[in-house]
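In: requesting a structural model of the entry that follows:
(chains A, B, C and D)
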Number of protein chains: 2
Amino acid sequence: MSRSSDRSAQGETLSRAVWDVLATQGLERLTVRAVATAAGCTTGLVMHRFPNRRALLLHARRLLHETTRARVESLEAEAGTPRDALRAVLLQGMSTDEQTRQEAIVWMGFLAAAVADDELIAEHRRNNRSWRTRVERLTAAAAPDWPAPRVATAALALMATAEGAAAFGAADPAAFPARQQVEMLDAALTAFGLF
Amino acid sequence: MSRSSDRSAQGETLSRAVWDVLATQGLERLTVRAVATAAGCTTGLVMHRFPNRRALLLHARRLLHETTRARVESLEAEAGTPRDALRAVLLQGMSTDEQTRQEAIVWMGFLAAAVADDELIAEHRRNNRSWRTRVERLTAAAAPDWPAPRVATAALALMATAEGAAAFGAADPAAFPARQQVEMLDAALTAFGLF
DNA sequence: CCGATTTCGGAACGGATGTTACCGTAACGT
DNA sequence: ACGTTACGGTAACATCCGTTCCGAAATCGG
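Out: Below you'll find the predicted structure:
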C-alpha cells in the first residue's frame, strides 16, 4: 500500500482485506497480520488506522452493512413493482453466486465473532432490525391490503428463508445451487401470495 | 475430572465443554485450555483423549449431530400425525428456548470453524444433507399426493426458514422471541398447505 | 530547498496457544 | 504385597498473537 493521506480509503481497503481473510481463511485465522498481508501492507499501518483489532473488525462490519444497504436500495429503485422489489432484495441476500456466497461466509464469520464482542453483537442487532424494517416495508407495499400482523409474520418468514438459504448455499454450494435457491424463494413468495 | 477408564464418557464430557465454550465465549476463545477449564480438568487430559485440537472439535461436532438426531427421531416417533412430526422436527431446530438458542450459537461456531477445516466442512455437508433427506421424507409424508419436485422445494424452503429463524433468535432473542418464531413457522406451514 | 511533521515499516515484547515430554500416582494383575 | 502399566497433572517448548515503539521515509509549510 503506497503512502497516502486518504485515511477513509485506507479504512475501506483494510476492511476489504478483513472480508477477504474471513471468506478464505475463516475467523480463526483472522489475525492482524493476515489482514495486513491481504491488504499488502504491514501491521504498523493497520494499528495506526485502528486502535486495536476489535475496532478493525467493527469498522469492517459497519462497512459491510453500508455496502449491502446501498446495493439493496439500488435494487429497490430499479424494481418495476413492489413485488419485484421484494423479490430482488431477498434474492441478493442469498448465496446465488460467488460474490453473494462469499458475503454469506463473511456474514457468518462476523456473527461468530460477535458472540464474544459486545459492540459487534450490538451492531448486528441494529443492522438486522433495520433489515427487518425494510423487508416489512417492502412486504406491506407488495400486499397493501394486509393487516400489519400478517405483514410482519410473512416478512419474518421471508427474511428467515433467505437467511437460511444463504447459510446453506454458503456451506454447501454443490448441494444448494443458485437455481434451487431461486426456485425455493419463488415457491415461498407464491405460497404467501406475494408473487 | 476424576480418574476414570470410561474413555467415551470423557469424550462426551469434553465435547460438552467444547459446546459450553463455543456458546458462552465464542469460537475465538475456543482454546484447549478453555475447554479443559470448562470440563474441570487440565490440558493433559484433553491431549491424551484427542491427538490435537482439530480432532477435539470434530468429535464435538459429530456428537452434536448425533444428539440432535436422537432428539429428532424421538420427536418424530411421538408425533401423532405426519404434519405434527414435520412441525415438531422443524421447531426443535429453531431458537425457541435457552437450550435451542445455545445450540444455534454452537452450530454457528462450528460452521465458522469449518471455513478453515476440510474435515469439519465435510462433516457439516454430510449431516446437513441427511437433515435435508429427513425433512423431505417428512414433507412427503405430510403431503402424500405431491409430486417429488414440489416436495423437494417445499422441504428446502421450510429448512431454510427454520435455519434462518434459529440464527435470528440466537443473535437477538429480544427481537425474535419464541412466540414470533412459532407463529412464523405456522404461517409458513399454512402457506405451503402443510398445517 | 530545508526543517518540521506526519505516515508507515519493522522489530520487539509480553502473553497466549497448540503441542510435547516428563513425572507422580492410582489401578490392576499376579 | 508388589511390580507393572496406564492415566492424568505439570511444566516446558516453539510459535503465534495483539500491541508498542522507534527510526526512516515521505509530505508539508516556509
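
In: make it CA atoms for all contacts and neighbour counts henceforth
Out: Will do.

In: break chain A down into its domains, please.
Out: A:1-50, A:57-191 (automatic domain parsing).

In: turn those domains into a markdown table, columns for mean neighbour count, mean pLDDT and distance to DNA strand D.
Out: Output for the domains of chain A, formatted as a markdown table (neighbours: other CA atoms under 10 Å in any protein chain shown; pLDDT from 0 to 100; distance: least, CA to the nearest atom of the strand, whole Å):
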| stretch | mean neighbour count | mean pLDDT | distance to DNA strand D |
| --- | --- | --- | --- |
| domain A:1-50 | 17 | 91 | 3 |
| domain A:57-191 | 20 | 98 | 10 |
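
In: out of the ones you listed, which gets nearest to DNA strand C?
Out: domain A:1-50 (3.6 Å; CA to the nearest atom of the strand).

In: neighbours of A:Leu56, just the number please.
Out: Counted with other CA atoms under 10 Å in any protein chain shown, the neighbours of A:Leu56 add up to 20.

In: look up how far A:Ala155 lies from it.
Out: 33 Å (CA to CA, to the nearest Å).

In: nearest to chain B, out of the domains of chain A?
Out: Proximity to chain B (CA to the nearest CA) singles out domain A:57-191 among these, at 4.0 Å.

In: about what we covered before: put together a markdown table for the domains of chain A, with distance to chain B on each row.
Out: Shown next, in a markdown table, are the domains of chain A (distance: least, CA to the nearest CA, whole Å):
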| stretch | distance to chain B |
| --- | --- |
| domain A:1-50 | 5 |
| domain A:57-191 | 4 |
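
In: so for B:Thr24, which of the ones you listed sits nearest?
Out: For these, proximity to B:Thr24 was assessed by CA to CA; domain A:57-191 is nearest, at 7.3 Å.

In: what about the closest one, near DNA strand C?
Out: No: using CA under 7 Å from any atom of the strand, domain A:57-191 never reaches DNA strand C; the gap is at least 12.5 Å.

In: so how far is the first residue of that domain from its last?
Out: For domain A:57-191, the end-to-end distance is 39 Å (CA to CA).

In: so A:Asp145: helix, strand or coil?
Out: Put simply, A:Asp145 is coil when judged by DSSP: H, G, I helix; E, B strand; the rest coil.

In: coming back round to it: could I get the domains of chain A as CSV with distance to B:Asp118?
Out: Shown next, in CSV, are the domains of chain A (distance: least, CA to CA, whole Å):
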stretch, distance to B:Asp118
domain A:1-50, 12
domain A:57-191, 12
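
In: quick one: which of those domains is nearest B:Met108?
Out: Between the domains of chain A, domain A:57-191 lies closest to B:Met108; by CA to CA that is 6.4 Å.

In: any idea how far A:Ala167 is from B:Arg101?
Out: Look at A:Ala167 and B:Arg101: by CA to CA, they are 17 Å apart.

In: I misspoke; the intended subject was A:Met47.
Out: Noted for A:Met47: a distance of 36 Å to B:Arg101, by CA to CA.

In: for A:Ala34, same thing?
Out: Taken as CA to CA, the span from A:Ala34 to B:Arg101 is 32 Å.

In: got a list of what A:Glu103 touches?
Out: A:19, A:23 (CA atoms under 8 Å, 6 or more residues apart in numbering or on different chains).

In: what's the helix or strand for it?
Out: helix A:98-114 (DSSP states H and E).

In: so that helix versus helix B:98-114, what angle?
Out: 120 degrees (axes from the mean of the first three to the mean of the last three CA atoms, to 10 degrees).

In: what about helix A:98-114, distance to the chain center?
Out: Distance of helix A:98-114 from the chain centroid (CA atoms, centre = their mean, to the nearest Å) equals 7 Å.

In: against which helices or strands is the helix or strand that that helix is followed by packed?
Out: Downstream of helix A:98-114, the next assigned helix or strand under DSSP H and E is helix A:118-142. Packed against helix A:118-142 by the contact rule (3 or more CA pairs under 8 Å, 6 or more residues apart in numbering or on different chains; DSSP states H and E) you find helix A:53-78, helix A:82-91, helix A:98-114, helix A:148-171, helix B:148-171.

In: hmm, 6 Å instead?
Out: If you count contacts as 3 or more CA pairs under 6 Å, 6 or more residues apart in numbering or on different chains; DSSP states H and E, helix A:118-142 packs onto helix A:82-91, helix A:148-171.

In: helix or strand for A:Gly93, which one?
Out: Assigned by DSSP H and E, A:Gly93 belongs to no helix or strand.

In: give me phi/psi at it?
Out: phi -90, psi 0 (degrees, to the nearest 10).

In: and what of A:Ser95?
Out: Per-residue torsions, A:Ser95: phi -100, psi 70 (degrees, to the nearest 10).

In: wait, it sits on A:Ala167?
Out: No: between A:Ser95 and A:Ala167 there is no contact, the gap being 7.5 Å when judged by CA atoms under 6 Å.

In: send me stretch A:11-19 as PDB with only the CA atoms.
Out: Taking C-alpha atoms only, stretch A:11-19 is exported to PDB below (Å, rounded to 0.1, in the frame of the first residue of the first chain):
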ATOM      1  CA  GLY A  11     -10.000   2.000   6.100                       C
ATOM      2  CA  GLU A  12     -12.000   0.700   3.200                       C
ATOM      3  CA  THR A  13      -9.000  -1.200   1.800                       C
ATOM      4  CA  LEU A  14      -8.300  -2.700   5.200                       C
ATOM      5  CA  SER A  15     -12.000  -3.600   5.600                       C
ATOM      6  CA  ARG A  16     -12.000  -5.400   2.300                       C
ATOM      7  CA  ALA A  17      -8.900  -7.300   3.500                       C
ATOM      8  CA  VAL A  18     -10.800  -8.300   6.600                       C
ATOM      9  CA  TRP A  19     -13.600  -9.600   4.400                       C
END
